[in-house]
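> make a model of this:
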Amino acid sequence: MPSARGLAVFGAGIALWIAARFLGSPDLHIVAVGVVLLPLVAVAFVRWNRHRLLVTRRLSATKVVPGQRVTVDLEIENDSPVSTSFVLLEDHMPPSLGRPARLVLTGIPGRNSQRVGYSMVCRTRGRYAIGPLRLDVSDPFTLTRVRLEYPERDELVVFPEVEDLPGLPGSRFGSGSGDSASRLLFRTGEEFYTMREYEVGDDLRRIHWPSVARRGKLMIRQDEAARRSLATVFMDTRVSSFGQAYSAPFERAVSVAATLGIHLARGGFSLRLAAGNSRPRSVTEEGLLEALASVAHTPSGPMSSLLLALRTTAVADSTLAVVIPPPPAPEVASLTRVGTAFGPKVAVIIYPTEPATLPPDRRGLLEAKTTSGQLSLARAGWDVFVIGPQGRLADVWHANRKRLPAGTV
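Numbering: from 1, shown residues only. Predicted coordinates for the structure are as follows:
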């Protein structure tokens, strides 16, 4: 499309042509025609070169932690034999990461390329798409401008904040890090400890065909020597619990869930994650962080329905870690019933708002509910920690954590 300068030049050419007609000057008429044609030639020039620009985007990292700086390198290649004039570049990014990056290239020689870059600091967890990218290409006289769209996007994952908890939990099985210990019950590989459902990547030679015939689905022999202690991390994502995603209480809950999961994984545990009403699923350390990077709030509902999937998929002697708001009496009863299907249990209670900011009557009710739930869960064999939406788990963990036997957190 013509730029403001191009429209002005075209208008001047028309005025000169009119003047040439009135004055009867052939020379002025030739000049007028040339001035009128100049913007049209500029349009043809830009359109001929617009498909000759190739753009490549490279991110210094695609999975980062909050506060980490990411550098984006852009390489613009001019595949045309003619040099470009000024090129205005705009790379779109989500508002959480900042404003779109705008850069100006002074000109790219023919059959050559130019590199530019910008950086951003990732402060909020989530999955982000960098792009699309736009180029505004003009002719040497800036008489016209054409916008080129490059729809390619690059994904950037910002993990939730993970605190460093002191000490490592003890895993009773497997050979993980920390205090985990190996235990071999059988001297041969012909015997097995238990069975589980087949997962992608399992050795097909370990399929237990009699169990397949009975249950109608693939079952894998789980040797005791290869077995790792299992830990399930549950986070309450109901909007009535911590509010909407990216609010301070919700983000603190996400951070605590990530911290507990990474702490258990580094202690030699196999992880399962259950967020909201989703069924527990096996995750790696990185898979846990990726899942929590995109977790969002869910509609409100009874706690018992959220815990049903935990109870039906519970494995005896496995560890359970839950991240919840101050629980009322019915939710305490549901948690206590679910806890009977697990071994060691830990609960982190997060205030949905700072008690100090509430009126005295509401503050008293909130603290009373929290204390009641904490004592009830503790009597049921849970280890309970309480923090505020701005608090840190590492502080209360270091101050209040008991020395627990192997197999607990």
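
> got the domain ranges for the chain?
If you go by automatic domain parsing, the domain ranges for the chain are 4-49, 51-158, 189-224, 226-400.

> what about residue 82, how many residues nearby?
Residues within reach of residue 82, counting by other CB atoms under 10 Å, total 14. Every residue, glycine included, has its C-beta placed from N, CA and C.

> which of the domains of the chain has the lowest mean pLDDT?
With a mean of 72, domain 189-224 has the lowest mean pLDDT of these.

> quick one on the thing from earlier: now the domains of the chain as TSV including distance to residue 167?
Listed next are the domains of the chain as TSV, based on distance: least, CB to CB, whole Å:
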stretch	distance to residue 167
domain 4-49	64
domain 51-158	22
domain 189-224	26
domain 226-400	9
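
> among those domains, single out whichever gets nearest to residue 165.
For residue 165, the closest of these is domain 226-400, at 4.8 Å, according to CB to CB.

> tell me how far the closest one is from the chain's mean position?
Taking CA atoms, centre = their mean, to the nearest Å, one finds the center of domain 226-400 at 20 Å from the center of the full chain.

> element containing residue 57, please.
Assigned by DSSP states H and E, residue 57 belongs to strand 53-59.

> in that strand, what's buried?
Going by neighbour count (16 or more other CB atoms under 10 Å), the buried part of strand 53-59 is 53, 55, 57.

> from memory the first one sits against residue 75, does it?
No - Residue 53 is beyond contact range of residue 75, at 10.9 Å (criterion: CB atoms under 8 Å).

> and the domains of the chain: which comes nearest residue 164?
Among the domains of the chain, domain 226-400 sits nearest to residue 164 (CB to CB), with 6.5 Å.

> which residues in the stretch 51-200 of the chain form strands?
Using DSSP state E, counting those that start in this stretch, the strands found in the stretch 51-200 of the chain span residues 53-59, 63-64, 69-78, 87-91, 101-105, 112-121, 126-130, 133-138, 145-150, 154-158, 194-197.

> in its sheet, what does the shortest one sit against?
Just to be clear, that refers to strand 63-64. Strand 63-64 pairs in its sheet with strand 154-158 (parallel), by DSSP bridges.

> and residue 378, how many neighbours?
A count of neighbours around residue 378, defined by other CB under 10 Å, yields 12.

> what do you get for residue 9?
19.

> how about it, secondary structure?
helix (DSSP: H, G, I helix; E, B strand; the rest coil).

> ditto for the one 5 residues further on
Remark: residue 14 carries the secondary structure label helix [criterion: three-state DSSP].

> tell me, how many residues neighbour it?
Per other CB under 10 Å, the neighbour tally for residue 14 reads 13.

> can you check the one 10 residues further on too?
Counted with other CB under 10 Å, the neighbours of residue 24 add up to 8.

> and residue 159, by the same measure?
Burial of residue 159 is recorded as 23 neighbouring residues (other CB under 10 Å).

> what's the pLDDT at residue 171?
So, for residue 171, pLDDT stands at 50.

> distance of residue 88 from residue 142?
Remark: distance between residue 88 and residue 142 (CB to CB, to the nearest Å) = 11 Å.

> the strand holding residue 57 pairs with which strands?
Partners of strand 53-59 in the sheet, by DSSP bridges, are strand 69-78 (antiparallel).

> roughly how far out does the strand it pairs with sit from the chain middle?
On CA atoms, centre = their mean, the centre of strand 69-78 falls 22 Å from the chain's centre.

> list the contacts of that strand.
Outside strand 69-78, the residues that touch it by CB atoms under 8 Å, 6 or more residues apart in numbering are 52-61, 64, 84, 87, 89, 91, 101, 103, 105, 108-122, 130, 133, 135, 156.
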